[in-house]
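**Student:** Provided below for reference: sequence and predicted model.
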Protein chains: 2
Amino acid sequence: MTKTAVICGGVGAARLLSGLVQVVPGRDLAAIVNVGDDVELHGLHVSPDLDTITYTLAGAVSEERGWGLEGETWKAMEMLGRYGGDDWFSLGDQDLGTHLYRTQRLQNGDSLSVVSAAIATAWGLEFSLLPVTNDRLRTVMTTDQHGDIGFQEYFVRHAHDVAATAVRFEGAPTSQPAPGVLDWLENAERIIIAPSNPVVSVDPVLAVPGVRDLLQRRRRQVIAVSPIIGGKALKGPADRLMKELGGTASSAGVASWYQEVAGTLVLDTIDADDAAAVEALGVRPAITDTIMSTVERSSALADFILALPCSEEAAS
Amino acid sequence: MTKTAVICGGVGAARLLSGLVQVVPGRDLAAIVNVGDDVELHGLHVSPDLDTITYTLAGAVSEERGWGLEGETWKAMEMLGRYGGDDWFSLGDQDLGTHLYRTQRLQNGDSLSVVSAAIATAWGLEFSLLPVTNDRLRTVMTTDQHGDIGFQEYFVRHAHDVAATAVRFEGAPTSQPAPGVLDWLENAERIIIAPSNPVVSVDPVLAVPGVRDLLQRRRRQVIAVSPIIGGKALKGPADRLMKELGGTASSAGVASWYQEVAGTLVLDTIDADDAAAVEALGVRPAITDTIMSTVERSSALADFILALPCSEEAAS
C-alpha cells in the first residue's frame, strides 16, 4: 500500500479520514493536523482539531454536534455559569478529562506530538496523528468589530458571524514542524489536503516553515479536496472567509487558493462546470461525489482519491 | 454583636463555622483560611480548604465524604483514568467548574481573595471568606519514604499513611497577609482557632508574616478549640503528625502547641482530666462537648465559645 499523508483541519478532515482508514492500513496513513485553533481556556490546553479527529475516528464523536463526545454531560460548565465565568466555549465533562491529561503532560515537558499520540492510542486509533508543530501557533483574526481576536473567539464566541479583514498565524514563522511531519510529506506517495477550511485550517499548516516549500516541490503528488460545494461550505465559514480575504467561494476559487501547492483538485459533481476554470489554473480537476454523509461515502471518496494518478506532471 | 475572626483549615473549621453563622451576623464574622493545601493539578488551581468551607456552608457538601459536592459525578476523572493520567486527586465534574473559574480569574490577574469572595457569594455565603494570603504558600512534608512531597501528595496520594519528619511552608516568609486579614485579627473581639490540624492547617496560617505576632499580642482574645479528643483526631492525621513532629497527641499537647498564641483552649468533656495540665501551661481550659456531629451541636459550641470571657488576662 502507498503511504498517504493528509493535511487536516477538524470535521471535514475527520470525515475523510473515516473513509481512508477503511482502505489504507494504519502504518501507511498520517494525519498532519492544524493547531492554529488550539486555545488555552481556564488554564487548560484545548486542541479542537486533534480531538475532533480522535473522537470521530474512535466512533465516539457526537454525530449531532460534529464535535465533542456522544452522551457528554456539562456539569462543569453549568457550575462555571453559576459563577458568571466565561462559558462561551463548551467543555464537556468527559472532554475535560482529555484536556486535563493533555495540560498535565505538556506542563511535565512532554510535546504535543507525544501527548496527541497517547490520546489517539487510548482511543484505538491506528494511524499516525501528528500536530503540524509542537510550538505555539495561533490563528488570529482581524475584525472591524472586535479588533484582533483568537480563532475560537471568532469561531465560537462570535459564531463566525463577523467580517474578517485579515488572518495571521502567530508563532508560525519561528515554529518547527513536529517530528515526522516533513518525513511523511517527503515520503508519502500521495499528500491529500482534506476538505477543510483553506483560510483557517489548511493555511496555518502550510505556514509552518518547510511545509509549503515541500508541497510546492511535490505539487504533482498533492491532491486537494474542495471544501466548497455549489459555492457554499458544508460547515463553517470557509465560503465567507474566502470572499472576505480576496478569494472566490467556488471550487475554482479553491483551485486558485491552492494553485501553488496542489496539482489536483477533487471537486463535487455539482461543480462539474468549474472543471474548465480549475484546469485553466494549471490544476487537474477530478470530479466525484464529495459529500461524506456516511462512512460508505467517505470510503468511496477515499477510493476515488487513491485511484487518481499523481506521479506525473499535473494536466497539460 | 462582637466581631469574630476564625483561623481555619477545612472540615473541622467548616463545621464550627456552620455553628457560628447561626449566632453571629455575616458582617461580624470572618474566616481566615489556610492555603498551604492549595495545589496546581492538570493546570488548575485547587483550593481545598476554601472550597470545603464554601461548599459546607452552602449546604452543598457531600456529607458522606466531608469534601466535594453532594450528587457529584466523575466523568472527567474517568476519562483521565482512560489515558493513565494522574487521578489520585479526585476532581468532581461540578467541582471542576469551580477550579476552571478560579484558574481563569487568577490568570487574568485577579487575586485569590477576590476570586474566593466571588465564589462564596455565588453560593450565598454572607460572612467574609479570606485566604490568609494571596501569595503562593505551600505546605511541604519531608518523609523518609518519598522525600519532600507536597501536602496533597502526602494527604491524598499516600493517604497520610507515611511518617513525616518535618513540615515547612514554602513561600510563607515572603508572603503578605491578604487584604483584610490583619484588620480582622486586630479588631475582632474574639479570635477563634478552629479545631483544625495544628501542624498543617493552622501553622501555615500563623506562618504568614504578621499573623503570629498579632496573635501573640492579642493572646487573651484567642480561643483555640482542640482538634484532639481522647488522644485522637476525629479526622485526618493531626494526632499522628503532632507525635511525629515533637508534640503530644492530647488536648494538653494542643495547649502546648498553641501556648504562645492562645489564652484559652476549649477541650472536650472526654478530656476534662487534661484541664490541670492545660492550666499549668498558662492556658485557660474551657470544657464542653466539642464533637460537631450536627449543626445544633456546632451551634451549641459556637454559643459556648462566644460566652467565654476573653477581655482579661488568661487564668492566673
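**Tutor:** Yes, it's here.

**Student:** by contact count, what packs against the helix or strand hosting residue A:214?
**Tutor:** Per DSSP states H and E, residue A:214 falls inside helix A:211-217. When contacts are defined as 3 or more CB pairs under 8 Å, 6 or more residues apart in numbering or on different chains; DSSP states H and E, helix A:211-217 packs onto helix A:181-187, helix A:203-206. No exception for glycine: its C-beta is placed from N, CA and C like everyone else's.

**Student:** Could you pull out the buried residues of the longest one?
**Tutor:** Buried residues in helix A:181-187, counted by 16 or more other CB atoms under 10 Å in any protein chain shown: A:181, A:182, A:184, A:185.

**Student:** of all those residues, which two lie farthest apart?
**Tutor:** Spatially, the most separated pair among those is A:182 and A:184, at 7.4 Å (CB to CB).

**Student:** Around chain B, which positions in the stretch 1-150 of chain A sit nearby?
**Tutor:** Counting by CB under 8 Å from any CB of the partner chain, the stretch 1-150 of chain A comes close to chain B at A:41-45, A:73, A:75-86, A:91-101, A:103-105, A:107, A:118-119, A:122.

**Student:** thinking again about what came up before, past the helix holding residue A:214, which element shows up next along the chain?
**Tutor:** Next in line after helix A:211-217, if elements are assigned by DSSP H and E, sits strand A:222-225.

**Student:** mind listing what that following strand pairs with, with the direction of each?
**Tutor:** strand A:190-193 (parallel), strand A:264-268 (parallel) (DSSP bridges).

**Student:** Using TSV, lay out the ones you listed together with mean pLDDT and mean neighbour count.
**Tutor:** Formatted as TSV, the strands paired with strand A:222-225 follow (pLDDT from 0 to 100; neighbours: other CB atoms under 10 Å in any protein chain shown):
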stretch	mean pLDDT	mean neighbour count
strand A:190-193	98	27
strand A:264-268	98	26
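
**Student:** Do me a favour and get the end-to-end distance for stretch A:235-248?
**Tutor:** Using CA to CA, to the nearest Å, one end of stretch A:235-248 lies 17 Å from the other.

**Student:** and if you look at stretch A:244-256?
**Tutor:** 15 Å.

**Student:** and chain A, what are its domains?
**Tutor:** A:4-137+A:172-307, A:140-168 (automatic domain parsing).

**Student:** Those: which one's closest to residue B:279?
**Tutor:** Of all these, domain A:4-137+A:172-307 comes closest under CB to CB, at 47.8 Å.

**Student:** Show me what the longest helix along chain A is packed against.
**Tutor:** As assigned by DSSP state H, the longest helix anywhere in chain A is helix A:93-107. Helix A:93-107 sits against strand A:44-46, helix A:75-82, helix A:112-122, helix B:75-82, helix B:93-107, with contacts defined as 3+ CB pairs under 8 Å, 6+ apart.

**Student:** which one of these is the most hemmed in?
**Tutor:** helix B:93-107 (a mean of 24; mean count of other CB atoms under 10 Å in any protein chain shown).

**Student:** check contacts around residue A:39.
**Tutor:** By CB atoms under 8 Å, 6 or more residues apart in numbering or on different chains, the residues touching residue A:39 are A:46, A:48, A:89, A:138, A:150, A:151, A:152.
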